[in-house]
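Enquirer: I need the structure of the sequence given here:
(one chain, ligands or ions: 1)
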Amino acid sequence: MKTYTTTLTPAQLSKLEQAYSRVPKRTDIQYTLFQIRGDDYTITAYKSGKVVFQGEEAEFHAQQFGALSKEPSKTESTKLTSKNAINQDFSAGSDEVGTGDYFGPVIVCAAIVKPEAHQKLPLHLIMDSKLIKDDTIREIAPILKETLDYSLLILDNRKYNKVHEVHNMNTIKAMLHNKAYLNLLKKYPMPKLSVVDQFMPESAYFKALSFEKEIYRDLHFETKAESKYLAVACASIIARDAFLNYFDKLSEKYQFDFPKGAGSKVDVLGAEFVRTFGKEALNDVAKTHFANTDKIIESDGYLRYAA
Ligand code: MN
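Expert: Okay, the predicted model is just below:
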């Protein structure tokens, strides 16, 4: 197993914790502040400030927090600068939502911003969708959907849980991003610049797709792309809007107030959901491989016993 270690200041530690706030976390391990468990990586922060990144994708995550002293090579940095310098007038971008939420689907959107679209977009409101209030998302998304060419893919929970028996979360994301770009390619001329808000190393992305018949390869991968590229920001707003709408429908169908995220509130309300609708129903509304499922089932059993 790959392991990378670094030491962070308290401020950096809270930044780290914040950055992974949507990923399942444990705080009950001796000598540690917290342990973040993603699909293919574990990040353990010790009270001493030491942070250990482990797992298949440790390198990618360690890099974000300076745990690798890898100097970027000259060719690498030139390549990046020249790519960034490409005009964004005509560009595409993709992003996903729902991957850190126990309840609800995984949604991916890829969108194309054409030069003539710029003047129709509410540019002052478009930014990283995580920084935009839900109401504003709902206001802007219809304008974006009317103005841009886009592909929106919604993987509902039942299908997600089925696919997850075979593929991990990152592979599922890669498959959806790939599909979204292929959908665009079939209908529209593609711009030179297509940016994926990076969630795994580029090589791992293409490796994950190696069994796919068609692969869209003309992509630029960059982390935090939704705050740097207009097309990615637009895609993420459309995806977020679809997620909010899906949540509304789910709440209406079950007459149940589903919480977002994967924290302790999810465990508490999840147990309530199971008491009302039964364990099996989780398969239709939740990503059942999350650690929350065990906590929900455990606490449900306990409450039944106590009652
Ligand atoms: Mn993203």
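
Enquirer: closest point of this structure to the ion, which residue?
Expert: Closest residue of the chain to the ion, CB to the ion: Asp197 (3.7 Å). C-betas here are computed from N, CA, C, even on glycine.

Enquirer: in the sheet, who's paired with that residue?
Expert: With DSSP bridges as the criterion, Asp197 is bridged to Glu222.

Enquirer: any idea how far Lys295 is from it?
Expert: 30 Å (CB to CB, to the nearest Å).

Enquirer: neighbour count winner among these two?
Expert: Asp197 (23 against 17; other CB atoms under 10 Å).

Enquirer: wait, isn't that one in contact with Thr99?
Expert: No. Applying CB atoms under 8 Å as the test, Asp197 and Thr99 come out as separate, 11.3 Å apart.

Enquirer: Tell me which helix or strand in this structure has the weakest average pLDDT.
Expert: Ranked by mean pLDDT, DSSP states H and E, the weakest helix or strand in the chain is helix 74-85, scoring a mean of 35.

Enquirer: The ion contacts on the chain?
Expert: Residues of the chain that fall close to the ion, judged by CB under 5 Å from the ion: 95, 197.

Enquirer: next one: phi and psi at the nearest residue to Val51 once chain neighbours are set aside?
Expert: In space, and not counting its chain neighbours, Val51 is closest to Ala45: 4.9 Å by CB to CB, 6 or more residues apart in numbering. Main-chain torsions, Ala45, degrees, to the nearest 10: phi -110, psi 120.

Enquirer: residue contacts, Ala45?
Expert: By CB atoms under 8 Å, 6 or more residues apart in numbering, the contact list for Ala45 reads 8, 13, 16-17, 32-36, 51.

Enquirer: List the buried residues in stretch 44-62.
Expert: Using 16 or more other CB atoms under 10 Å as the test for burial, stretch 44-62 gives 44-46, 51-62.

Enquirer: Pull out the CA atoms of it and give them to me as CSV.
Expert: Extracted in CSV, the C-alpha atoms of stretch 44-62 (Å, rounded to 0.1, in the frame of the first residue of the first chain):
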residue,chain,number,x,y,z
THR,A,44,-5.4,9.9,9.2
ALA,A,45,-4.6,13.1,11.1
TYR,A,46,-2.9,12.6,14.5
LYS,A,47,-3.0,14.9,17.5
SER,A,48,0.7,15.5,16.9
GLY,A,49,-0.1,17.1,13.6
LYS,A,50,1.2,14.2,11.7
VAL,A,51,-1.0,13.3,8.7
VAL,A,52,-0.8,9.9,6.9
PHE,A,53,-2.2,9.4,3.4
GLN,A,54,-2.7,5.7,2.5
GLY,A,55,-4.2,3.7,-0.3
GLU,A,56,-4.4,3.4,-4.0
GLU,A,57,-4.9,7.1,-4.5
ALA,A,58,-2.9,8.4,-1.6
GLU,A,59,-0.5,10.2,-3.9
PHE,A,60,-3.1,12.3,-5.5
HIS,A,61,-4.5,13.4,-2.1
ALA,A,62,-1.1,13.8,-0.5
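
Enquirer: average pLDDT for it?
Expert: Stretch 44-62 shows a mean pLDDT of 87.

Enquirer: where does that stretch sit relative to the chain's centre, distance-wise?
Expert: Here stretch 44-62 is found 19 Å from its chain centre; the criterion is CA atoms, centre = their mean, to the nearest Å.

Enquirer: residue boundaries of the helices in the protein?
Expert: Ranges of helices in the chain, per DSSP state H, are 10-19, 58-64, 74-85, 134-147, 157-164, 169-187, 202-208, 230-254, 264-277, 282-285, 292-306.

Enquirer: Considering those helices, which stretch scores lowest in mean pLDDT?
Expert: Taking the mean pLDDT of these, helix 74-85 comes last: a mean of 35.

Enquirer: one step back: the residue of the chain closest to the ion: what's it in contact with?
Expert: 93-96, 222-226, 232, 236.

Enquirer: Pull out the buried members of those.
Expert: 93-96, 222, 225-226, 232, 236.

Enquirer: Which two among the residues you listed are spaced furthest apart?
Expert: Greatest spatial distance among these (CB to CB): Glu96 and Glu222, at 14.7 Å.

Enquirer: How many residues are close by the closest residue to Phe103 other than its chain neighbours?
Expert: Among residues not flanking Phe103 along the chain, Phe258 sits closest, at 4.4 Å (CB to CB, 6+ apart). If you count neighbours by other CB under 10 Å, Phe258 ends up with 19.

Enquirer: If I follow the layout properly, Phe258 ends up in contact with Leu250?
Expert: Yes. Phe258 is within contact range of Leu250, at 5.8 Å (criterion: CB under 8 Å).

Enquirer: any shared contact partners between these two?
Expert: Residues within reach of Phe258 and of Leu250 at once, by CB under 8 Å, 6+ apart, are 103-104, 285.

Enquirer: Where neighbours are concerned, which of the residues you listed has the most?
Expert: Phe103 (26 neighbours).
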